[in-house]
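Student: Sequence and predicted structure are below.
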Amino acid sequence: MDIAEDNDPVETREWIESLQAVVAHQGAERAHYLLGQLRDEAMRAGVQPAFGLTTPYRNTIAPEDEAQSPGDRELEHKIRAAIRWNAVAIILRANKESSELGGHIASFQSSALLYDIGFGHFWHAPTETHGGDLLYIQGHVSPGIYARAFVEGRLTEDRLLNYRQETEGKGIPSYPHPWLMPDFWQFPTVSMGLGPLMSIYQARFLKYLEGRGLANTAARKVWAFLGDGEMDEPESLGAISLGGREKLDNLIFVINCNLQRLDGPVRGNGKIIQELEGVFRGAGWNVIKVIWGSGWDRLLANDREGILLRRMEECVDGQYQDFKSKDGAYVREHFFNTPELKAMVADLTDAQVWKLSRGGHDPFKVYAAYAAAVAHRGQPTVILAKTVKGFGMGESGEGQMIAHQAKKMTVEALRQFRDRFDIPMPDDRIEAMPFISLPKDSPEYAYLQQRRAALGGYLPQRRRKSSPLPAPPLSAFERLLKSSGEREISTTMAFVQMLGTLLRDKAIGKHIVPIVPDESRTFGMEGLFRQLGIYSAVGQLYRPQDADQLMYYREDKSGQVLQEGINEAGAMCSWIAAATSYSSNDVPMIPFYIYYSMFGFQRFGDLAWAAGDMRARGFLLGGTAGRTTLNGEGLQHEDGHSHVLASTIPNCVAYDPTFAYEVVVIVREGIRRMCEEQEDVYYYVTLMNENYPQPAMPEGVEEGIVRGLYLLREAARGGKKNARPCVQLMGSGTILREVIVAADLLRDDWKVDADVWSATSFNELRRDAMSTDRHNLLHPGQPRRKSYIESALEGHPGPVVAATDYMRIYADQVRSNIPRRFVTLGTDGFGRSDYRVALRRFFEVNRHYVAVAALKALADDGELEPSTVEAAIAKYGLDVGRPDPWTV
């Protein structure tokens, strides 16, 4: 039978009347329960229920169920009007002469009420008794947030006038940037999609802190403000199942559904609100739709036959956008387009029809939605608030395709804007666009301050310092500073052993957050499963398959390890939440996130940049690093450029150590800088899976390890009579071991002396060199300074050859600061699978190529005959006819 065919309409009517009776006499909750029971029974009987994931296109909360705001509506309207005006004035005054500075008017005007209700009634600042709510504010609405801070007295007029003019130090940035306003903004959000993704893991991290007993976070909420167009970013929806699965009832999304993205409608031929409702409900979220303002309540209540709701359902977003770009007469003609619909609004003027607002512009509807979201338990909540892009901009952009790009408004549009929101601005001052401040003796100012005082203080605000954590002394890692003898271990294993020592440290052990994306066993970290437990909001509801083993898989509500699955972006978000916990929670944490280095900056580079902006403090560990070191995995796995990518982030301190003692010194120094001194940097350290004997730490090399270069082995030169050609060899990571052997070949086969240098960080050497070069440029009358690398090489003659397991550009960074011949070897090109010895020969970074490069550099300097180089090429069997390795 066709499911659309009703062969017993009487029975159907009886079912419907029964449901109506339950709703009328026992309420919607009882009806919801009964429908759920019917659904379950149908599924047990093998009947597929015809339930969808979307609800009718109307508000989720019925008028009679709306929580009532305790606020003073009139005062709030006046305050909001001043903020609206100032937000427009910021942009118009910045672009008065030209549009070079840019800015956005329409986004905040569409969402001004959404923020105002939150600031006025819901968002707690941190106090002694409340940790504070965390706000991920949509980037394009920044002018509105500055406008509010101005009327609060937090920002001066001079700063508003310097919007997007920051180089002199008194301006304010275009978007939320903690790096640029470290006391104000908490989270950078304008790289679309990162806000929703980071906020989900931030909410989960608050639960993690609570579960481990490190902070009381039960009363805190994470609010993320997003755009409907932004939800097309894969990151925006990529982790919402985590929110549902972990029952993150401390998380609230507010999606501003103004139906427009930059170029046009988000879903011109559909309904973005209905689409998002289905997606979020399917992921286990509580969905609150705020579609229609209070003016529609009477019309919907009188809609006995459902014709108005059907019209609401059949119109697509492209039509809704068109309606709000016109006027009341147009809406009457094209929305209320049947005699029955027209009769519903026959008693309304065109002006009244025009004032039938969307839900996101109605303070009663928004307050009720927020109150319901805050009270909801067991699920995260998403509020889908329908608004108009450029609300109030009139002919200059309201509901128009060009709204997002609008940087200017006509005087007439400003006059209409003033009249629409009852803004106290005389006609003769409109064109000048003065900022509106609230007199300190005004009831508006008193109310504004009283509301924020009741909620603990101003927002947004950011904490810059927290309690320092002491770095353990180097002696705590004495075993790793000594030679391993004949025992071969990798730097990864050395790090894991160091991590074990840190976890046992009484002062900082509980602050450490190990984070892995489903690779613990690869890195030899499975011992942490039983020792620390893997964090789980529900503990462990099953007996693990390996329960009879010593290192069994243990999940725990108070677990310390964050095991994120095959999910590098999610793990990075957890790392960011932990790395900024000193600021967000006043609980400093030390996160160690270890992963395949190839799937680091290349995969989550946008988040790594955001982490720098957020002043994150923690450790990223790029495991199985180097193009030739992860030998069997091939092109997609072999990393030869992560250090190059790391160099693009100004406060990322990156190292490529070779030996266990170097790892120890680097990590210990990182803890000292980030946790003791509270510097706003984070560390990236590459680790290898290649096993080899680990030497003891030479005396006095700690400074060189940290600064990026130290003399590992000096050649035993003869006197002046026995002087031989000399060369300086540098290496990092596992390729340093090839460099060491190359020095032996040069000595034994070609009578060439070679000093060997461990270059732990070409990135840090470059930064020191840039600082030195800048000083010399700007102080021509002072004695010339020398960079660290130039000073270190003094007294060590001969050309310099540097070889790494990364692209040549990594070592090439310091070329201008080595005033002699400088040759680099690297692994440019796509990786491939083979034995390490074959890969190093293929990429021309093995001992033979290092030796030949050194001989060629000496020949170019006139220290050797070219024939010596030819002899070496022949002796070591180098294929001079093969193509460039980066081309094949």
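Tutor: Structure's in. What do you need?
Student: From here on, just use CA atoms for contacts and neighbour counts.
Tutor: OK.
Student: Who are the contact partners of the nearest residue to V141 once chain neighbours are set aside?
Tutor: Distances taken as Cα to Cα, 6 or more residues apart in numbering put F108 closest to V141, at 4.5 Å, once the chain neighbours are dropped. Contact partners of F108, counting by Cα atoms under 8 Å, 6 or more residues apart in numbering, are A87, H140, V141, S142, P143, G144, G390.
Student: any chance of these in TSV, with pLDDT, secondary structure and distance to K875 too?
Tutor: As requested, these are arranged in TSV below (pLDDT from 0 to 100; DSSP: H, G, I helix; E, B strand; the rest coil; distance: Cα to Cα, whole Å):
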residue	pLDDT	secondary structure	distance to K875
A87	96	helix	74
H140	94	helix	64
V141	96	helix	67
S142	96	helix	66
P143	96	helix	69
G144	97	helix	72
G390	91	coil	75
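Student: Show me which pair in those is furthest apart.
Tutor: The most widely separated members of the contacts of F108, counting by Cα to Cα, are S142 and G390 (14.7 Å).
Student: what about dumping the CA coordinates of the host helix or strand of V837 to PDB?
Tutor: Using DSSP states H and E, V837 maps to helix 836-842. Extracted in PDB, the C-alpha atoms of helix 836-842 (Å, rounded to 0.1, in the frame of the first residue of the first chain):
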ATOM      1  CA  ARG A 836      66.800   3.900   5.600                       C
ATOM      2  CA  VAL A 837      70.200   3.400   4.000                       C
ATOM      3  CA  ALA A 838      68.500   3.300   0.500                       C
ATOM      4  CA  LEU A 839      66.400   6.400   1.300                       C
ATOM      5  CA  ARG A 840      69.400   8.400   2.400                       C
ATOM      6  CA  ARG A 841      71.200   7.500  -0.700                       C
ATOM      7  CA  PHE A 842      68.200   8.400  -2.800                       C
END
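Student: Just the buried positions in it, please.
Tutor: Using 16 or more other Cα atoms under 10 Å as the test for burial, helix 836-842 gives R836, L839, R840, R841, F842.
Student: same thing with stretch 27-35?
Tutor: Buried positions in stretch 27-35, judged by neighbour count with 16+ other Cα under 10 Å: A31.
Student: Could I have the CA atoms of it written out in CSV?
Tutor: Taking C-alpha atoms only, stretch 27-35 is exported to CSV below (Å, rounded to 0.1, in the frame of the first residue of the first chain):
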residue,chain,number,x,y,z
GLY,A,27,1.1,18.4,28.4
ALA,A,28,3.7,18.1,25.6
GLU,A,29,6.2,16.2,27.7
ARG,A,30,3.7,13.4,28.2
ALA,A,31,2.9,13.3,24.5
HIS,A,32,6.7,13.2,23.7
TYR,A,33,7.1,10.2,26.1
LEU,A,34,4.2,8.3,24.5
LEU,A,35,5.4,8.9,21.0
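Student: Pull the distance from it to the chain's centre.
Tutor: Stretch 27-35 has its C-alpha centroid displaced from the chain centroid by 41 Å (Cα atoms, centre = their mean, to the nearest Å).
Student: For that stretch, give the mean pLDDT please.
Tutor: Stretch 27-35 carries an average pLDDT of 85.
Student: Repeat that for stretch 601-613.
Tutor: Per-residue pLDDT over stretch 601-613 has a mean of 95.
Student: same question, stretch 404-424
Tutor: 90.
Student: Identify all contacting residues around that stretch.
Tutor: With Cα under 8 Å, 6+ apart as the criterion, stretch 404-424 contacts 78, 81-82, 85, 91-92, 95, 99, 102-107, 261-262, 389-390, 392-397, 425, 427, 430-431.
Student: Need the buried ones from those selected in PyMOL.
Tutor: Of these, the buried ones can be selected in PyMOL as follows, counting by 16+ other Cα under 10 Å:
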select buried, resi 78+81+82+85+91+92+95+102+103+104+105+106+107+261+389+390+392+393+394+395+396+397+425+431
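Student: who are the neighbours in contact with the nearest residue to T580 once chain neighbours are set aside?
Tutor: Nearest residue to T580, sequence neighbours excluded (Cα to Cα, 6+ apart): A616, at 5.0 Å. A616 is in contact with I576, A579, T580, D680, V681, Y682, counting by Cα under 8 Å, 6+ apart.
Student: ok, so what distance separates A616 from V513?
Tutor: 14 Å (Cα to Cα, to the nearest Å).
Student: ok, now G392?
Tutor: 48 Å.
Student: Can you pull out the residues in contact with the worst-scoring helix or strand of the chain on mean pLDDT?
Tutor: Ranking every helix and strand in the chain by mean pLDDT, DSSP states H and E puts helix 28-44 at the bottom, with a mean of 84. Helix 28-44 is contacted from outside by L19, V22, V23, Q48, P49, using Cα under 8 Å, 6+ apart.
Student: Just the buried ones out of those, please.
Tutor: In the contacts of helix 28-44, the ones that pass as buried (16+ other Cα under 10 Å) are L19, V22.
Student: could the contacts of helix 28-44 be laid out in a markdown table, adding distance to R487?
Tutor: Listed next are the contacts of helix 28-44 as a markdown table, based on distance: Cα to Cα, whole Å:
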| residue | distance to R487 |
| --- | --- |
| L19 | 76 |
| V22 | 76 |
| V23 | 75 |
| Q48 | 63 |
| P49 | 64 |
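Student: when you check the contacts of helix 28-44 against the helices, which ones overlap?
Tutor: Using DSSP state H, the members of the contacts of helix 28-44 that fall in helices are L19, V22, V23.
Student: For the stretch 151-300 of the chain, just list every one of the strands.
Tutor: 222-227, 251-257, 286-290 (DSSP state E, counting those that start in this stretch).
Student: Equivalent analysis for the stretch 601-750 of the chain, please.
Tutor: All strands of the stretch 601-750 of the chain, identified by DSSP E, counting those that start in this stretch, fall at 619-623, 652-655, 682-686, 692-693, 710-713, 726-731.
Student: sorry, back to before: farthest pair in the buried residues of helix 836-842?
Tutor: Across the buried residues of helix 836-842 (Cα to Cα), the longest gap, 9.6 Å, separates R836 and F842.
Student: quick one: contacts for the most centrally placed residue in the chain?
Tutor: The chain has L607 as the residue nearest its centroid, 4.1 Å off, counting by Cα atoms, centre = their mean. Listed by Cα under 8 Å, 6+ apart, the contact set of L607 reads L194, A569, M572, C573.
Student: Just among these, which is most surrounded?
Tutor: With neighbours taken as other Cα atoms under 10 Å, the top of these is M572, carrying 27 neighbours.
Student: Regarding that residue, which helix or strand does it belong to?
Tutor: helix 568-579.
Student: what about A859, helix or strand, and which?
Tutor: Element membership for A859, per DSSP H and E: helix 847-860.
Student: Check the model's average confidence along that helix for me.
Tutor: 98.
Student: Run the chain-centre distance for stretch 37-51.
Tutor: 42 Å.
Student: Show me what counts as buried in that stretch.
Tutor: For stretch 37-51, by 16+ other Cα under 10 Å, it's R39.
Student: ok, now stretch 159-173?
Tutor: Using 16+ other Cα under 10 Å as the test for burial, stretch 159-173 gives R159, L160, L161, N162, Y163, R164, Q165, G171, I172, P173.
Student: contact partners of that stretch?
Tutor: For stretch 159-173, contacts defined as Cα under 8 Å, 6+ apart pick out I90, I91, R93, A94, L101, Y146, D158, S174, L180, M181.
Student: which one of the buried residues of helix 836-842 sits closest to L777?
Tutor: R840 (40.2 Å).
Student: pretty sure that closest one contacts N846?
Tutor: Yes. Contact criterion Cα atoms under 8 Å: R840 and N846 qualify, at 5.0 Å.
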